[in-house]
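Enquirer: Predicted model and sequence follow; I will ask about them next.
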Amino acid sequence: MTPAEVAVRRVRQHFSRHAEEYDHYAMVQKSVVRRLLELMPSLTADAGPVLDLGTGTGELADRFSTLHPHLPLLLADIAHGMTRHAASSVPGALAFDADAAALPLLDDCCGLVLSSSMYQWVNDLPGAFVEVGRILRPGGLFVCALFGAGTLRELRTAHEQALVECGQGHASHMQQFPTREDVAAALDAAGFAAEIEGNEEIERHPDVATLLHNLKRIGAQNASLRRSPGLAERRVTLRMMSLYAERFGGDGTIPASYEVICMVARKL
């Protein structure tokens, strides 16, 4: 699913470390939460319990609980710092650490699973969706958004060209996110009937250094197991930043594109 496999321990550390400052920098992620809530189907009084998986700071869970205060809510994240932050933001919810690849929950125990901006960090997407299906009751809903393959395409393009120009003989080790086709196939294999939409969000930053700084401040750093000193080498990094600005910059800013894949899926 992801040619450059993700180091789970690294993901956990990065996000846990930046939990307290995440909300200040995660603008696209907040927009994704708003869109997910717009896509949410009407829910009945027996639709719970509800699991917000990869809850982060609890943004989605907090908004959801305001709209549906009668539904019992569970919060889970692989990063303990995020779990603690979410627990303090959503009083009354039960919060615990969990890996999406192996959920510590019983079969058929939930009526709804929510997730926003998390599943792009999972190595085995079909396996993770099977886990969601396992804990959902028949007919249960999975409402989810993740970042797709077009995310940060400008950064990836500039990095690949910088490696070539600087004489690096290996392909870019930047993490690759799933395509919409990957997501659809994974949902189908896990036994879901799904409606999927895709859209693009574009952030603008004054320069590439600011973009890299902001990514670091939300914990969204490169977590590839194939990560090497190459990206950090000053010569490659400086050339990447220059190429990015030259090729994509304009009006004193640079764009950062995010492919957002949203789905409303029902367990068959």
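Expert: On my side now, so go ahead.
Enquirer: quick one: buried residues of the host helix or strand of I261?
Expert: Under the criterion of DSSP states H and E, I261 resides in strand 254-267. Under the neighbour-count criterion of 16 or more other Cβ atoms under 10 Å, strand 254-267 has 254, 256-267 buried. C-beta: built from backbone N, CA, C; applies to glycine.
Enquirer: Between those residues, which sits nearest P138?
Expert: K267 (5.9 Å; Cβ to Cβ).
Enquirer: which residues in the stretch 1-150 of the chain form strands?
Expert: Assigned strands in the stretch 1-150 of the chain, in chain order: 50-53, 73-77, 94-97, 110-116, 136-147 (criterion: DSSP state E, counting those that start in this stretch).
Enquirer: quick one: strands adjacent to the last one?
Expert: The reference is to strand 136-147. Here strand 136-147 is paired, per DSSP bridges, with strand 110-116 (parallel), strand 254-267 (antiparallel).
Enquirer: can you put those in CSV and add distance to Q161 and mean pLDDT?
Expert: Output for the strands paired with strand 136-147, formatted as CSV (distance: least, Cβ to Cβ, whole Å; pLDDT from 0 to 100):
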stretch, distance to Q161, mean pLDDT
strand 110-116, 32, 98
strand 254-267, 15, 98
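Enquirer: Format these as JSON lines; extra columns: distance to A87.
Expert: As requested, the strands paired with strand 136-147 are exported to JSON lines (distance: least, Cβ to Cβ, whole Å):
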{"stretch": "strand 110-116", "distance to A87": "16"}
{"stretch": "strand 254-267", "distance to A87": "26"}
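Enquirer: Figure out which of the ones you listed is closest to L238.
Expert: strand 254-267 (15.0 Å).
Enquirer: Mean neighbour count and distance to R217 added to the strands of the stretch 1-150 of the chain, as JSON lines?
Expert: Output for the strands of the stretch 1-150 of the chain, formatted as JSON lines (neighbours: other Cβ atoms under 10 Å; distance: least, Cβ to Cβ, whole Å):
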{"stretch": "strand 50-53", "mean neighbour count": "27", "distance to R217": "22"}
{"stretch": "strand 73-77", "mean neighbour count": "26", "distance to R217": "17"}
{"stretch": "strand 94-97", "mean neighbour count": "16", "distance to R217": "22"}
{"stretch": "strand 110-116", "mean neighbour count": "25", "distance to R217": "18"}
{"stretch": "strand 136-147", "mean neighbour count": "21", "distance to R217": "17"}
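Enquirer: Which elements pack onto the helix or strand that contains E160?
Expert: Per DSSP H and E, E160 falls inside helix 153-165. On a contact count with 3 or more Cβ pairs under 8 Å, 6 or more residues apart in numbering; DSSP states H and E, helix 153-165 meets helix 208-217, helix 234-248, strand 254-267.
Enquirer: for it, what is the average pLDDT?
Expert: Across helix 153-165, the average pLDDT comes to 93.
Enquirer: Take it, keep the C-alpha atoms, and write them as CSV.
Expert: Below are the C-alpha coordinates for helix 153-165, written out as CSV (Å, rounded to 0.1, in the frame of the first residue of the first chain):
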residue,chain,number,x,y,z
ARG,A,153,2.9,16.7,-4.5
GLU,A,154,4.9,19.9,-4.9
LEU,A,155,7.3,18.9,-2.1
ARG,A,156,7.7,15.4,-3.5
THR,A,157,8.4,16.6,-7.1
ALA,A,158,11.0,19.1,-5.9
HIS,A,159,12.7,16.6,-3.7
GLU,A,160,12.9,14.0,-6.5
GLN,A,161,14.5,16.6,-8.8
ALA,A,162,16.9,17.8,-6.1
LEU,A,163,18.1,14.2,-5.6
VAL,A,164,18.8,13.9,-9.3
GLU,A,165,20.6,17.2,-9.5
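Enquirer: Show me which positions of it end up buried.
Expert: Applying 16+ other Cβ under 10 Å to helix 153-165 flags R153, E154, L155, R156, T157, A158, H159, E160, Q161, A162, L163 as buried.
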